[in-house]
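Trainee: curious how this folds, go ahead:
(chains A and B)
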Amino acid sequence: MTPTLAADVHAVTTAADGGALSFAWLLIAFPLAGAAILLLGGRRANAWGHWLAIAAALASFAWAVLGLVDLLGRAPEGRSVAVEVYRWIEVGGFRADVSLLVDPLSITFALLITGVGSLIHVYSVGYMSHDENRRKFFAYLNLFVAAMLVLVLADNYLLLFLGWEGVGLASYLLIGFWQHKPSAAVAAKKAFLINRVGDIGLLIAIMLMFTTFGTVAFTPLFESVGGAGQGVMTAIGLLLLLGACGKSAQLPLQAWLLDAMEGPTPVSALIHAATMVTAGVYLIVRSGPVFEAAPTAQLVVTVVGAATLLAGAAIGCAKDDIKKALAGSTMSQIGYMVLAAGLGPIGYAAAIAHLVTHGFFKAGLFLGAGSVMHGMNDEVDMRRYGGLRKAMPITFATFGAGYLAIIGVPFLSGWWTKEGIIQAAFDSGGVTGQILGWATLLGAGLTAFYMSRIMFMTFFGKKRWADDAHPHESPSSMTVPMIVLAVGSVALGAVLVFNYTLAGFLAPVVGAPHHEFDLAHMVTSPYSLIALAFMLVGVAFAWVRYARADVPVEAPKGNFVTVAAREELYGNALNEGLFMRPGQVVTAASTAFDNHAVDGLVNGVARWIRTGSENLRLVQTGFARSYALTMLFGAAVVVATTLGVTFA
Amino acid sequence: MIPLGLPEPTAPALTTQAPDLDYWLLSPLLVVFAVGVVGVLVEAFVDRRHRRLTQLVLALAGVGAAFVLTLLQVGSLPEQGAGVGVAFATVAVDRPTLFFQGTILVLAFISLLLIAENRDGESAFAAQAAAVPGSEEERAHVLAGSQHTEVYPLVMFAVLGMQLFPASNDFLTMFIALEVMSLPLYLLCGLARRRRLFSQEAAVKYFLLGAFSSAFFLFGIAMVYGYAGSVHFADVYAAVGAGGAGVIEDGEPLLLIGMALIGVGLLFKVGAVPFHNWKPDVYQGAPTPITALMASCTLVAAFGALLRVFYVAFGASVWEWRPMLWVVAILTMVLAAVIAVTQRDIKRLLAYSSVVHAGFVLTAVVAASADGLAGAMFYLAAYGFTTIGAFAVVTLVRAPEGGAEAGDLAQWAGLARTSPFLAGALGLFLLAFAGIPLTSGFIGKFAVFEAAVAAGATPLVVVGVLSSAVTAFFYVRIIVLMFFAEPAETAPRVLRPGGLTGTVIGVGIAATVLLGVFPGPVLDNLLPQPSAEAAVGTQPSGAGIVPEDMFVR
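Mentor: Modelled structure (predicted):
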């Protein structure tokens, strides 16, 4: 394999040949139309709305497959295709077209979003069957898919931002879908607010890029990154990272993701595990040329990734709520991806590969968790589970496949892609590379521990069910998607990594494939063996604590580490102390100022005018003689003014 | 005795030559005049039953024809210069004249529709004005269905005066135009069908105060004549430029006093504070269609005349007249807005609103520039359409019994529940008065304020903006009252708009929205765009001279 330095070749062709790619906007149009019909159709659409939504998602998926076929039919360097849709904004020198960029990176995301998205649409039919707002739920899901596709298919930052905000909106609507629960409403608001912080970062980055380069379109912008100063590039990089942190729940903007589990489980699987939260990784990889021109920003990216991967794992170890434990895991796994993306070209392919496999196995795990909850009266406390493998065999098997994949059992999906990241970290060299590498290894051990903990507490051991629990297997509309995802969890990694498939496909966009994906190297690498050892230790430790020993129904008090992890490492306390309380004080102060000073002033003026008006009305006596007198005075004033100005 | 060095009177033109009139350029005036005269004959010779229709068709046709002629004249203006002087240069035909005349004719056409509205055989006018209110004779006439179709010729004569007023190119012609315009209006004000005493009181007040103001105007003319030795605007302008006409030594006080007194006469007509007292009483007492005519056409005509006097005759004395207009504009915008806050009668409120709007237009006059002229022209046209629409709505809301209009705002509460379209239309007009974007009112305010700022009158604009904030309060209060208040105990009787009134309201809405959304075609074509070198050469605010290329001199 001769690595081509294709990262510099951003030759973009236009799709004027009438192929599938010329109509790439259909990808977005299908789910968008679905959302519109469902939302505007009202109650009439209740009966068939969810089928329409599924059809829209599937149509979009089918078109993405066609697009992939089209791309594969082109020469590797001709696989970046611009699709102009229409002119959106043109103000002065600023121009933003709505045009799409279909290239290996975006089509990979499009396939993941529409593929996993379709499966989760199907799953939701069963999961939401008893919810009276099911139509609205599917409308929001469609809206999300459309917005996410805008995000990844945009060929400029402004359109990307539109999609970015769109997925934020969909996420907000879906987290708070059960808005009658105060906790869900609060969680939605929290997610929205924290995401605003990141969004502002991204927005400022876009403005900065426009002032620096005079464009926000990817291709011309990346071609001119060399011309900007180091300080500006670092600032842009850090602001982009801030945006990525918000959307991908990375430190320090991680606090919303665990609360976001208030949303229905399919939402957690699709948005808060498989797709939306990985948008930050997409942003960093897509902006690769920007980060490569700003080494400081790259370093910060890797540090954020490493810190989050450990923090997320620690939180995952302590949570008893199955979805929150999985959410901690999501944070941690995205930490891996961010770390890899921060490494530059040697890490991009690894990051994306892990992103795709993670999309499958984490979605599968969430759907499994949803299936368990569905059978257990929406119980989420794992201390109330136990011994479910017999009651729910399919769920057990599919969840188990995802479990084995994520902890990195050799030759399953997670192993291929996680090894890639570990290798890339060590290969980046220097002390930094060593520190990052050991962080990923430690993370692998922790992953094995917390995932085994979930597995054992849920499916093994004694039954600790609540009295009214009658666990049963879920309907086929739910199990079929889980089975498909389980197959992906097992096999997808090999397909993508073996023989450089994905790395080679992505190479024209993100850079050359590297030899870390060599199978022989992977098996024999010392780090691979260390990772395996760490994993076995983690599993064993969990087995001792949660499978062999009895799990108490009440959580034990635990030492300070456990307590800290349960409290999500005091992230919320920090936010509350640093931002919420001062914010509340400012709010109260400005309200008081508004109520007393501003309103007082306004009302005072209004009162004063009214009094003046009442008095002035009296001048209007109705007598012509007094009117004439007024006119006479007026004439005197006018004459006096005219004379006075000239002669005084 | 002041030694007057007046020139020896030249031989009168009578003996030497017949007046050489350009009948083509005078035709819009002549058509309206002819229709008025024919209207009088119709009163004498046409059968009573057919009179109303005959008069209406005549009047509409006359006004329409005059408008078409005015439009045609725009095309026939000479390439060079602003326009031409007609009839010994006593009448100026230039772009401002034609714009004001065209606007007056369109607005008069719409007002005529409102005037002609007949409901259950009842017009808005007294059955027999000469009958004592409440007398047997009046009852008899009401029962007999008598109508005052003399209204139409009277309106025609008033419109003739309005057309001539902004076109006059010397003070005497202007004074005649003023009287031709005013005398029919005095009469028309007293012809209301309901509350006749009220209406007659308004007419008498209007007449007395109008006569008073005419006296000021005439006195001012005499003063200026004393200074310049002529009543022609061009001569006055030349005399000011030359530092006096040599008629009298140190004559400047004469000029200044004359200028101020002529200003008083004109400011009375536009209704600026402190010469506004007549407006609320007259607007309230007059038949509402006549109020609409006065609020739109008279205002346009009066401002046209005011602009011509100050921009042409006193075009070189900007520094002298500007302080006076500053004072009046500020007083107008502030006092009228404040008094309007506590008005409880819709027609009085609209009267005060009209006063405030006059103040806003004055800020454009103060600018003494082409922008100021264009801004004032646009503002007047936009306001005219909106205000006719608003008064048309007023004619439809009647007291529960007796058929008089429900002027009291308390009765308008909750009107949107029963008549959403009517309330919506009035709401739109009020928003336009308040200057909300996407209505013509916003563009108009923007145009006049922009001109004023460009001419250095920023403090005036600050006062103007504050004043519009106060006015927005009472406009929006009516909207809130109509849309969000519980309906009053004695709900008014809302008439369905007939074809005529409906057309008036529709035109009002269309003009308000179109001029607000697409102001460009009108705003950009009001005046010929100054060429580049001309724009560089003129310094309107610095020189104290109004740019010369807008008017005939």
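
Trainee: name the residues of chain B found near chain A, please.
Mentor: Proximity of chain B to chain A (C-beta under 8 Å from any C-beta of the partner chain) is limited to residues B:204-205, B:208-209, B:212-213, B:216, B:252-253, B:256-257, B:259-261, B:263-264, B:267-268, B:273-275, B:277-278, B:280-281, B:319-321, B:323-324, B:327-328, B:335, B:338-342, B:470, B:473. C-beta: built from backbone N, CA, C; applies to glycine.

Trainee: PyMOL command to pick out the buried ones of those?
Mentor: The buried residues among the residues of chain B next to chain A can be selected in PyMOL (16 or more other C-beta atoms under 10 Å in any protein chain shown) with this line:
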select buried, chain B and resi 205+208+209+212+213+216+252+253+256+257+259+260+261+263+264+267+268+273+274+275+277+278+280+281+320+321+323+324+327+328+335+338+339+340+341+342+470+473
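
Trainee: show me the residues of chain B next to chain A that map onto helices.
Mentor: Secondary structure assignment (DSSP state H) places B:204-205, B:208-209, B:212-213, B:216, B:252-253, B:256-257, B:259-261, B:263-264, B:267-268, B:278, B:280-281, B:319-321, B:323-324, B:327-328, B:338-340, B:470, B:473 from these within helices.

Trainee: run through the neighbouring helices and strands of the host helix or strand of A:Lys418.
Mentor: Take DSSP states H and E as the rule and A:Lys418 turns out to sit in helix A:413-427. If you count contacts as 3 or more C-beta pairs under 8 Å, 6 or more residues apart in numbering or on different chains; DSSP states H and E, helix A:413-427 packs onto helix A:322-342, helix A:345-375, helix A:393-407, helix A:430-459, helix A:476-497, helix A:519-524, helix A:526-542.

Trainee: flag whichever of these has the least confidence on average.
Mentor: Ranked on mean pLDDT, the bottom entry among the helices and strands packed on helix A:413-427 is helix A:519-524, at a mean of 68.

Trainee: all strands for the stretch 1-150 of chain A, in order.
Mentor: Counting by DSSP state E, counting those that start in this stretch, the segments of the stretch 1-150 of chain A that form strands are A:13-14, A:81-91, A:94-102.

Trainee: the helix or strand harbouring A:Gly612 close to chain B?
Mentor: Taking DSSP H and E as the criterion, the element that holds A:Gly612 is helix A:599-617. Yes. If you take C-beta under 8 Å from any C-beta as the test, helix A:599-617 does meet chain B, through A:606, A:609-610, A:612-614, A:616-617.

Trainee: quick check: closest non-adjacent residue to whichever residue of the stretch 451-553 of chain B sits closest to chain A.
Mentor: Residue nearest to chain A within the stretch 451-553 of chain B (C-beta to the nearest C-beta): B:Val470, separated by 6.2 Å. If you skip the residues right next to it in sequence, B:Val470 has B:Ala337 as its closest partner in space, 4.2 Å away by C-beta to C-beta, 6 or more residues apart in numbering or on different chains.

Trainee: try A:Ala55
Mentor: On the basis of C-beta to C-beta, 6+ apart, the spatially nearest residue to A:Ala55 that is not a chain neighbour turns out to be A:Gly34, at 7.6 Å.

Trainee: if we can go back for a sec, nearest approach to B:Thr363 belongs to which of the helices and strands packed on helix A:413-427?
Mentor: Among the helices and strands packed on helix A:413-427, the nearest to B:Thr363 by C-beta to C-beta is helix A:322-342 (60.4 Å).

Trainee: what helices or strands is that closest one leaning on?
Mentor: Counting by 3+ C-beta pairs under 8 Å, 6+ apart, the packing neighbours recorded for helix A:322-342 are helix A:230-248, helix A:256-259, helix A:265-269, helix A:279-286, helix A:295-318, helix A:345-375, helix A:413-427, helix A:430-459.

Trainee: tell me what angle the last one forms with helix A:295-318.
Mentor: Computed by axes from the mean of the first three to the mean of the last three C-alpha atoms, to 10 degrees, the angle separating helix A:430-459 from helix A:295-318 equals 20 degrees.

Trainee: for helix A:430-459, packing partners?
Mentor: Under the contact criterion of 3+ C-beta pairs under 8 Å, 6+ apart, the helices and strands touching helix A:430-459 comprise helix A:295-318, helix A:322-342, helix A:388-391, helix A:393-407, helix A:413-427, helix A:526-542.

Trainee: hmm, back to that, next up, the contacts around the residue nearest to A:Ala55.
Mentor: With contact taken as C-beta atoms under 8 Å, 6 or more residues apart in numbering or on different chains, A:Gly34 is in contact with A:52-53, A:55-57, A:138-139, A:142.

Trainee: tell me the pLDDT of residue 88.
Mentor: Here I'm looking at chain A. At A:Trp88, the pLDDT recorded in the model is 66.

Trainee: you answered for a different chain; I wanted chain B.
Mentor: In this prediction, B:Phe88 carries a pLDDT score of 83.

Trainee: can you list the helices and strands packed on helix A:430-459 in TSV and add mean neighbour count?
Mentor: Formatted as TSV, these follow (neighbours: other C-beta atoms under 10 Å in any protein chain shown):
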stretch	mean neighbour count
helix A:295-318	23
helix A:322-342	29
helix A:388-391	18
helix A:393-407	24
helix A:413-427	27
helix A:526-542	17
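
Trainee: so which of those comes closest to A:Met233?
Mentor: Ranking those by distance to A:Met233, with C-beta to C-beta as the measure, places helix A:295-318 first at 7.3 Å.

Trainee: quick one: that closest one to chain centroid distance?
Mentor: Offset of helix A:295-318 from its chain centre (C-alpha atoms, centre = their mean, to the nearest Å): 16 Å.

Trainee: tell me how far the spatially most central residue of chain B lies from chain A.
Mentor: Residue closest to the mean C-alpha point of chain B, counted by C-alpha atoms, centre = their mean, is B:Leu299 at 1.6 Å. As judged by C-beta to the nearest C-beta, to the nearest Å, B:Leu299 and chain A stand 18 Å apart.
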